[in-house]
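Asks: sharing a sequence plus its predicted fold:
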Amino acid sequence: MQGIKFDFNNMFSANVGTLHGVEDKDIAEISAGLQNADAHLKKILANPRNRIKLGLEWANLPYQDAKTIKEIQKLGNEIAKKFDNVIFLGIGGSYLGLKAAQDALAPAYFNEFKEVRKDKPRVYFEGNNLDPDTLSVLLKNLKPRKTCVVVISKSGETTETKAALIVVENWLKKSAGKKYGRQIIAITDPESGALRKKIKLEQANDPLSFRSLPLLKGVGGRYSEFNMGLLHLAILGIAIKDVLSGAKDMAVKCSRAHYAENPAYMYALLHYLLYRKKNKPIAVIMPFSETLKSCADWYVQLLAESLGKKYSRKIKAGADGSEEWLSDKAAITNTGRTPVSCRGTTDLHSVQQNNIEGENNKVVTFIRIEKFSREIKIPGTADILSGKSFAELLKLAQEATEWALVRSARPNCTVTLSQVSPYNWGALLFFFEMATAFEGELLNINAFDQPGVEGYKNYMYYKLGKPGISQDIANEIKNHPLVKNTKYIL
């Protein structure tokens, strides 16, 4: 049986005490705010122009038409049959979403064993860092003519992905010949940007070169797995419709107006209260599944970029119902919980020490799996572990960790998947996306931009001499250089 359950017993004072747990009166105090947040979110989602303009078009991704899905699945099948290797180039959501999908839905050690892959190509991820060691080793050991490259970038200007594409493109050129562009797929803005410009130039010479799929308007990178990630799923041989079906069913659950009937609202509400009223700014996410560790890493980006904001939101409403969200420079808030990704049982021998005895400023979210796709039973009769299965021990370890946290008055909650399947995985991602969006409403911040990310980019672009840097940014960098006193360097 497919499905997801959210157990939030250990977030309440009844289990972890009044000092560290939510009380009914805490919820009652913000009941009007909950209704307003639901009404405003629904108003935005119901207006196509606002959805796209403000970055909430991701909420419509589970409802993509069958023709689009069929075309992507067909392209994925073509790539899988033709190539031995596929390199995905992307950073942020264009990497973390793909990695989360591959680790969760493809068999373990997918790249290492042909029998495990079932004739699917090996899949690698690059363009997400500037470390020269990884890409150089990869290209040295792959055959260019047997390798497809998928580059994912909205603008085509992100330094890490752009640098990797230039290197990989040159590598293909040398070995694959003039038609090397037929081995490159681009997922980018449908109309503008440097990568879209390059696609048009390449296709003017060869229509089969640099084929492309669109990054849809109004879908930010960290919310884009059900857009840019679909080709990757198709290449792996995973049914896209099953993933989107899970997301769609979760979207229906998460559309319920009352928080007590809406798992995403309840998740957001309780974390908001524990953050604001109980001083719990750290969000530890701990899947008890090796295959879901990358999902925890994906969630770290989702929460950090969405809710980590300097300014409150100022809403400028138009007479036609349109909205513009501005940063309220008069309301510096520096808000947002800090996410920490770990996994059970590995990190029970490290991070858990701090979770139990460190500062009581954390909320732990467990992800628990009821049924695993494979099983190992421990042989013999002489040991307390004899006759036990790994899955049985893993579930017991999660239960024991939960118990230890409760005994130490540490709030926690559990998201339980009946199994790790495409359907449940799609539902899990949408659950976290909607919970994050609703928490953004409660915090009154813009959960769909990331102005703080631009600082390092602007500095790099300035130092690299990129044209078009504004004079204000240039002056700020020139007038505020890094100061390195040798006195403070040992």
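Replies: It's in. Numbers count the residues shown, from 1 in each chain.

Asks: pLDDT score for the residue most central in space within the chain?
Replies: When the chain is reduced to its mean C-alpha position, the closest residue under C-alpha atoms, centre = their mean turns out to be Trp298, at 3.3 Å. pLDDT, the model's per-residue confidence, is 98 for Trp298.

Asks: list the contacts for it?
Replies: When contacts are counted by C-beta atoms under 8 Å, 6 or more residues apart in numbering, Trp298 touches 93, 96-97, 99-100, 222, 225, 429. To be clear about C-beta, it is placed using only N, CA and C from the backbone, and glycine gets the same treatment.

Asks: out of those, who has the most neighbours?
Replies: The most crowded member of the contacts of Trp298 is Glu225, carrying 30 neighbours; neighbours defined as other C-beta atoms under 10 Å.

Asks: that one and Asn111, how far apart?
Replies: Taking C-beta to C-beta, to the nearest Å as the criterion, Glu225 is separated from Asn111 by 20 Å.

Asks: for the residue nearest to Trp58 when sequence neighbours are not counted, what are its contacts?
Replies: When the adjacent residues along the chain are set aside, Trp58 lies closest to Tyr223, with 3.7 Å between them (C-beta to C-beta, 6 or more residues apart in numbering). Under the criterion of C-beta under 8 Å, 6+ apart, the contact partners of Tyr223 comprise 55, 58, 93, 302, 433, 448.

Asks: of those, which is the nearest to Met266?
Replies: For the contacts of Tyr223, the closest approach to Met266 (C-beta to C-beta) belongs to Glu433, at 15.1 Å.

Asks: for that closest one, grab phi and psi.
Replies: Listed backbone geometry of Glu433 is phi -60, psi -50, with angles given as degrees, to the nearest 10.

Asks: state the distance from it to Phe12.
Replies: Glu433 sits 25 Å away from Phe12, taking C-beta to C-beta as the criterion.

Asks: between those two, which is the more surrounded one?
Replies: Glu433 (26 against 18).

Asks: wouldn't that one be in contact with Trp58 here?
Replies: Yes - under the criterion of C-beta atoms under 8 Å, Glu433 makes contact with Trp58 at 6.5 Å.

Asks: kindly check the end-to-end length of stretch 343-359 for me.
Replies: With C-alpha to C-alpha, to the nearest Å applied, stretch 343-359 spans 20 Å between its terminal residues.

Asks: so which of the contacts of Trp298 belong to helices?
Replies: Assignment to helices by DSSP state H places the following of those there: 93, 96-97, 99-100, 225, 429.

Asks: widest-spaced pair of those?
Replies: Based on C-beta to C-beta, the longest span within these runs between Lys99 and Leu429 and measures 12.8 Å.

Asks: list the buried ones in the lowest-mean-pLDDT helix or strand in the chain?
Replies: Of all helical and strand segments in the chain, the minimum by mean pLDDT, DSSP states H and E falls on helix 454-464, at a mean of 85. Taking 16 or more other C-beta atoms under 10 Å as the neighbour-count basis, helix 454-464 is seen to contain the buried residues 458, 461-462.

Asks: that one: what's the following helix or strand?
Replies: Secondary structure here is assigned by DSSP states H and E; on that basis, the next helix or strand after helix 454-464 toward the C-terminus is helix 471-479.

Asks: residues in contact with that following helix?
Replies: Applying C-beta under 8 Å, 6+ apart, the external contacts of helix 471-479 come out as 458-459, 462.

Asks: where exactly do the strands run in the stretch 251-400 of the chain?
Replies: Listed in chain order, the strands found in the stretch 251-400 of the chain under DSSP state E, counting those that start in this stretch are 282-287, 309-317, 323-335, 338-341, 362-371.

Asks: quick one on the thing from earlier: could you measure from the residue nearest to Trp58 over to Ala239?
Replies: In this view, Tyr223 and Ala239 are 22 Å apart by C-beta to C-beta.

Asks: with Asn60 instead?
Replies: Asn60 sits 20 Å away from Ala239 when distances are taken as C-beta to C-beta.

Asks: contact partners for Leu417?
Replies: Shown in contact with Leu417 (C-beta under 8 Å, 6+ apart): 3-4, 367-370, 424, 428.

Asks: how is this structure divided into domains?
Replies: Partitioning the chain according to automatic domain parsing yields domains covering residues 4-54+243-443, 58-240, 456-488.

Asks: mean pLDDT lowest where, among those domains?
Replies: Comparing mean pLDDT across these, the weakest is domain 456-488, with a mean of 89.

Asks: just give the number of residues close to Phe110.
Replies: Taking other C-beta under 10 Å as the neighbour definition, Phe110 ends up with a count of 17.

Asks: now do the SS call for it.
Replies: Three-state assignment for Phe110 (DSSP: H, G, I helix; E, B strand; the rest coil): coil.

Asks: tell me the phi and psi of it?
Replies: When read as degrees, to the nearest 10, the backbone of Phe110 gives phi -60, psi -50.

Asks: same deal with Ile72?
Replies: Geometry field for Ile72 lists phi and psi as phi -70, psi -40, criterion degrees, to the nearest 10.
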